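Below: sequence and its predicted model.
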Protein chains: 2
Amino acid sequence: MLIGEYTHAIDDKNRLSLPAKFRKIMGKKVYITPGLDSCLFVFTPKEWEKIEEKLSQSSMGQSDSRSFSRHMFAGASEAEVDSIGRILVPDFLREKANLKSKCVIIGVSSRVEIWNEKTWIEYKKVVEKQADNLAEKLGQVGVI
Amino acid sequence: MLIGEYTHAIDDKNRLSLPAKFRKIMGKKVYITPGLDSCLFVFTPKEWEKIEEKLSQSSMGQSDSRSFSRHMFAGASEAEVDSIGRILVPDFLREKANLKSKCVIIGVSSRVEIWNEKTWIEYKKVVEKQADNLAEKLGQVGVI
DNA sequence: TATCTAAGTGGGAAAGAGTGGGAAATTAAT
DNA sequence: ATTAATTTCCCACTCTTTCCCACTTAGATA
């Protein structure tokens, strides 16, 4: 189970260290995809395969399923974890998540997320403010 | 499985490099057809056969399926991948997708697509703007 | 406190990928 | 049949990517 928050630098060769705590779980090969709220998702091959399978079931005929397939497939990247635990984030994903030098890498259950540091800090602020409200809503639907 | 996004130049001899990552999957011979949303589709012979079969099975009574078949078949072209991974895009297909110097080549599961760079950027913008839509769809494929 | 180890960062060299141009070969035209 | 034009093949240059090594920092241990 992936938990915790780490701040690492992405260098000008687009290399980014996976937190040491994540490496055993993530293994030697990962898949990076566009996420939500302009972060990136990182999956193990196993998790990615599940997604792939669901996606490839959708038909080419419908314009909105085409666009979603393109978003996910064209937006995805297979990355080898190098000998010292780094992955390579392709330019187009780096831009998508607006990754400058400092990135925040967080564990979210079965996936890892990569954020621009500032974006993450802002996001956290907003969420923490809303935490009480969110709890209320979740309570109403019986989650907590 | 074909994933990722690459920007390559098509030269004045209509030569276009397939991304190195795609070459093993695509092999030595491919089929290029006019695609949907003004890009080109590129298939392996195997995938092309599947498409052929599906199209020929579709009921010919229906005018829509007839015209789509014509669109795909009449515009299709077989292309050899040369010794350093380039394909030749025939003039009429190049015009159809409005390919200028810079092209974007994307992997979409079982097919490759070739886009005019600007057209692709515009298309992506439109798709990504529909963020809530994306969230919903990610839910449907079990990502979140 | 000093030393050791592990983790993260950065840079240089080697390998690979992408691009462009010219020669050879094929086709077309006079 | 000769010339011109187009296509194909091959080579070479350049830029990017990958691999390897070294430095730095932080934390742990004695």
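Received it, and whenever you're ready, just let me know what you need.

how about stretch A:21-30: buried residues?
By neighbour count with 16 or more other Cβ atoms under 10 Å in any protein chain shown, stretch A:21-30 contains the buried residues A:22, A:26, A:30. In this view, the C-beta of every residue, glycine as well, is placed from N, C-alpha and C.

Also stretch A:119-130?
Buried residues in stretch A:119-130, counted by 16+ other Cβ under 10 Å: A:119, A:120, A:123.

on that earlier part again, could you export the buried residues of stretch A:21-30 to a markdown table, including columns for distance to chain B, secondary structure and pLDDT?
Converted to a markdown table, the buried residues of stretch A:21-30 look like this (distance: Cβ to the nearest Cβ, whole Å; DSSP: H, G, I helix; E, B strand; the rest coil; pLDDT from 0 to 100):
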| residue | distance to chain B | secondary structure | pLDDT |
| --- | --- | --- | --- |
| A:22 | 18 | helix | 97 |
| A:26 | 17 | helix | 96 |
| A:30 | 13 | strand | 98 |
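
Closest to DNA strand C out of these?
residue A:22 (8.6 Å; Cβ to the nearest atom of the strand).

Quick check, the closest one in contact with residue A:110.
No. Proximity of residue A:22 to residue A:110 does not meet the contact threshold set by Cβ atoms under 8 Å, at 11.6 Å.

what do the two both touch?
Residues touching both residue A:22 and residue A:110 (Cβ atoms under 8 Å, 6 or more residues apart in numbering or on different chains): residue A:2.

quick one: contacts for residue A:87?
A:15, A:16, A:18, A:30, A:32, A:42, A:79, A:80, A:81.

same thing with residue A:13?
Contacts for residue A:13 (Cβ under 8 Å, 6+ apart) come out as residue A:88.

give me that answer again for 10 Å
Residues in contact with residue A:13 (Cβ atoms under 10 Å, 6 or more residues apart in numbering or on different chains) are A:86, A:88.

Just give the closest residue to residue A:16, not the sequence neighbours.
residue A:10 (4.5 Å; Cβ to Cβ, 6 or more residues apart in numbering or on different chains).

Sorry, wrong one. I was asking about residue A:90.
Counting by Cβ to Cβ, 6+ apart, residue A:77 is the residue found nearest to residue A:90 once chain neighbours are left out, at 4.9 Å.

Tell me the pLDDT of the one you found.
pLDDT recorded at residue A:77 is 98.

swap in residue A:132?
pLDDT, read off for residue A:132, is 82.

just residue A:58 next, same as before
On pLDDT, residue A:58 comes in at 88.

in chain A, which spans are strands?
For chain A, strands defined by DSSP state E occupy the ranges A:5-9, A:15-17, A:29-34, A:40-43, A:77-80, A:86-88, A:102-108, A:111-116.

Spatially central residue in chain A, please.
residue A:41 (1.5 Å; Cα atoms, centre = their mean).

before we move on, the earlier item: can you put the buried residues of stretch A:119-130 in CSV and add distance to DNA strand C?
Shown next, in CSV, are the buried residues of stretch A:119-130 (distance: Cβ to the nearest atom of the strand, whole Å):
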residue, distance to DNA strand C
A:119, 17
A:120, 15
A:123, 20
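
Helices - which of the residues you listed land there?
A:119, A:120, A:123 (DSSP state H).

Tell me, how many residues neighbour residue A:141?
7 (other Cβ atoms under 10 Å in any protein chain shown).

right, I mislabeled it, should have said residue A:106
Counted with other Cβ under 10 Å, the neighbours of residue A:106 add up to 19.

tell me which parts of chain A are close to DNA strand D?
Contact residues (Cβ under 7 Å from any atom of the strand) of chain A with DNA strand D: A:13, A:80, A:82, A:83, A:84, A:88, A:91.
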